[in-house]
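coordinates only, sequence not included:
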Ligand SMILES: Cc1cc2nc3c(=O)[nH]c(=O)nc-3n(C[C@H](O)[C@H](O)[C@H](O)COP(=O)(O)OP(=O)(O)OC[C@H]3O[C@@H](n4cnc5c(N)ncnc54)[C@H](O)[C@@H]3O)c2cc1C
């Protein structure tokens, strides 16, 4: 029996925990928030699996191709294949666990369409899919907790991993959020399932807890990042001052149409504008996929219509997402949750009035680089210790914080799938690592010195009393990333953004801790997170600068085409101790030869 550490109680972390507990191992599960509040709970639209219940001749093979093409041929292909083939069994597993998936009138599981495919492949539970899936896994984890297999550390923030003299990961260093006590924990392997880094953009669809801080921290300890520049901008969110609230792709999946008035600056309300005077630009340009083109394509087209052509609603920064032509009872049944969100935050009923939306930072395809082991038939060796392993021995990454499955653009509803799948895949991998690779016990001194390092760092932060406000600096970082490292990327602006990030790092040294309390001191931990966000922002921006092509979510008008000869490679980012250094790694494209990525 081994003892493992899992950081993160979203879908990925809970799935890994369950699989390890089932295999008879002990797990210490860390999460900043109570696991049921992990960001996965916000997922709305659904989870993909080619179950082919609608008789469309869909198959896991077509799902594999759609995912690889959707990611613009940047994903390593064997892990994608293994995931897509595993997807139907994942849906049936959740069904057995009692997830209340939406059903057809005959009682079959219902599937909706999502972007980047012509098939009904997305299983869903109304518009609260993530919540239903997360709660199902949470129940299973509680069962193991009651049996003593799982010990939860909710309200703890992982700060770093503990490495031995050889650099291998031997455990975790974490801070208790209320007492700010720093403690180390030994583990046979550590699995990071810490979610995405949305707070680097500040205004995003992500939860507050998604700073990517621990990802950046282990990056600074030697873990590589893969494709950090690949950031997904979701086409449809409600603009807001605090955050940008997602209007799920399921709205388009159920027939939602995107349009702007044909006349620039038209001041009429949407209901006064007749059909003939509306410009359905996606339907016009992409007659096959229409409003269900992949997210990168839809975001760029909305940006083009609204910003480049100035055709936004009333000349402003929004387009319409229109559901008003659809049957209200069906809308309530299938999209109730998101319609309520819109109504609550705007005061308008989207069943009666088209929603005003604009693209928003939503997801990171990039993350910690992880390995895999493929067999000759293109499937994975499920017992390999290499699966989901970072380059730090004993450190694994799964879920949104890894880079593995989505290449340059994620297809909607493929994230919940990759989280659950990577959670399943990592369990035999860490067990195999412990049995076959890991050597001896680590000296106690490595735990002691890591704890001391963090105690010193946090007390140093507590004593900072310069003239910079850390929250204001975060806002500036967010503005910079949204403006310069987002949908449209230009080398001049990226170069300036890098200089600005260096300046922010200098200004970070002058922040004031604001709060002197020795406990419940949020600024203390936040200032550390902010530094880590600055480092990760540097990797994202440098990656974007170096990739002189357009691929998936990465769009450079000066280099409008995909350049496979030079850039069909994973960007690998390494921390030198003071800066980010990039290299490129070839990818396995043996299953599908790259083709032009067209949706028209
Ligand atoms: C509004 C919204 C809707 C979405 N809808 C869909 C959808 O319909 N379909 C789909 O496929 N995808 C969807 N996504 C994407 C998907 O929800 C996420 O990518 C996925 O849930 C991430 O899961 P995860 O397990 O990797 O991490 P999360 O669910 O983000 O969990 C991260 C966990 O890590 C913990 N953590 C983080 N840092 C630390 C630390 N330093 N120490 C300790 N714990 C830490 C947190 O407490 C949390 O428990 C949506 C995303 C958003 C924003």
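Thanks, I have the structure now. Everything numeric here is computed off the predicted structure, so don't read it as measured data. Numbering: from 1, shown residues only.

any idea which residue of the stretch 51-200 of the chain lies closest to the ligand?
Using Cβ to the nearest ligand atom, residue 195 is the residue of the stretch 51-200 of the chain that sits closest to the ligand, at 2.5 Å. Just so you know, the C-beta spots here come from the backbone N, C-alpha and C atoms, and that holds for glycine as well.

now the strands for the stretch 351-500 of the chain?
355-364, 367-368, 395-397 (DSSP state E, counting those that start in this stretch).

one step back: looking at this, the residue of the stretch 51-200 of the chain closest to the ligand is in a helix?
No: using DSSP: H, G, I helix; E, B strand; the rest coil, the secondary structure at residue 195 is coil, not a helix.

contact partners for it?
For residue 195, the contact set (Cβ atoms under 8 Å, 6 or more residues apart in numbering) comprises 8, 10, 38, 39, 40, 206, 209, 210, 399, 400, 401.

and the pLDDT for the closest residue to the third one other than its chain neighbours?
Right, residue 38. What sits nearest to residue 38 in space, not counting adjacent residues and going by Cβ to Cβ, 6 or more residues apart in numbering, is residue 10, at 3.8 Å. At residue 10, the pLDDT value in this model is 98.

quick one: residues contacting residue 10.
When contacts are counted by Cβ under 8 Å, 6+ apart, residue 10 is found next to 35, 38, 39, 40, 134, 193, 195, 399, 400, 419.

same deal with residue 231?
Residues near residue 231 by Cβ under 8 Å, 6+ apart: 201, 361, 363, 364, 365, 366, 485, 486, 540, 553.

report the beta-bridge partners for it.
residue 364 (DSSP bridges).

just to revisit the earlier point, turn the contacts of residue 195 into CSV, columns for secondary structure and distance to residue 166.
As requested, these are exported to CSV (DSSP: H, G, I helix; E, B strand; the rest coil; distance: Cβ to Cβ, whole Å):
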residue, secondary structure, distance to residue 166
8, coil, 26
10, coil, 31
38, coil, 33
39, helix, 34
40, helix, 34
206, coil, 35
209, coil, 32
210, coil, 32
399, helix, 27
400, helix, 29
401, helix, 24
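
CSV please, covering those and showing distance to residue 464.
Shown next, in CSV, are the contacts of residue 195 (distance: Cβ to Cβ, whole Å):
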residue, distance to residue 464
8, 28
10, 31
38, 30
39, 29
40, 34
206, 26
209, 23
210, 24
399, 32
400, 31
401, 28
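
of those, list those near the ligand.
The overlap between the contacts of residue 195 and the neighbours of the ligand (Cβ under 6 Å from any ligand atom) comes to 8, 10, 38, 39, 40, 206, 209, 210, 399, 400.

before we move on, back to that, and the strands of the stretch 351-500 of the chain as JSON lines, adding mean neighbour count?
Output for these, formatted as JSON lines (neighbours: other Cβ atoms under 10 Å):
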{"stretch": "strand 355-364", "mean neighbour count": "26"}
{"stretch": "strand 367-368", "mean neighbour count": "29"}
{"stretch": "strand 395-397", "mean neighbour count": "30"}
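
which stretch among those strands comes nearest residue 265?
With Cβ to Cβ as the measure, strand 355-364 is the member of the strands of the stretch 351-500 of the chain nearest residue 265 (15.5 Å).

next one: that closest one to chain centre, how far?
The chain centroid and the centroid of strand 355-364 are separated by 14 Å under Cα atoms, centre = their mean, to the nearest Å.

cool, and stretch 182-194?
Centre-to-centre, stretch 182-194 and its host chain are 21 Å apart (Cα atoms, centre = their mean).

how long is it from one end to the other?
Chord length of stretch 182-194, first to last residue, is 19 Å (Cα to Cα, to the nearest Å).

now stretch 567-578
The straight-line separation of the ends of stretch 567-578 (Cα to Cα) is 26 Å.

contacts with the ligand among the contacts of residue 231, please.
When contact is defined as Cβ under 6 Å from any ligand atom, those meet the ligand at residue 363.

what's the PyMOL line that selects buried ones from the contacts of residue 195?
Here is the PyMOL command that selects the buried residues among the contacts of residue 195 (16 or more other Cβ atoms under 10 Å):
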select buried, resi 8+10+38+39+40+206+209+210+399+400+401
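
list just the nearest of the contacts of residue 195 to residue 425.
residue 399 (11.2 Å).

could you check the pLDDT of that closest one?
Listed pLDDT for residue 399 reads 98.

likewise the one 3 residues further on?
For residue 402, the pLDDT comes out at 98.

check residue 142 too.
98.

contacting residues for it?
Per Cβ under 8 Å, 6+ apart, neighbours of residue 142: none.

and if you look at residue 47?
Per Cβ under 8 Å, 6+ apart, neighbours of residue 47: 90, 91, 94, 122, 123, 124, 129, 133, 413, 416, 417, 420.

just the ones of these in helices?
90, 91, 94, 129, 133, 416, 417, 420 (DSSP state H).

what sits closest to the first one if chain neighbours are left out?
What it means is residue 90. That would be residue 420: by Cβ to Cβ, 6+ apart, it lies 5.3 Å from residue 90.

the one you found: what's it in contact with?
With Cβ under 8 Å, 6+ apart, residue 420 has these contacts: 11, 12, 15, 47, 90, 133.

of the residues you listed, list those near the ligand.
Checking the contacts of residue 420 against the ligand (Cβ under 6 Å from any ligand atom), the matches are 11, 12, 47.

alright, that wraps it up for me.
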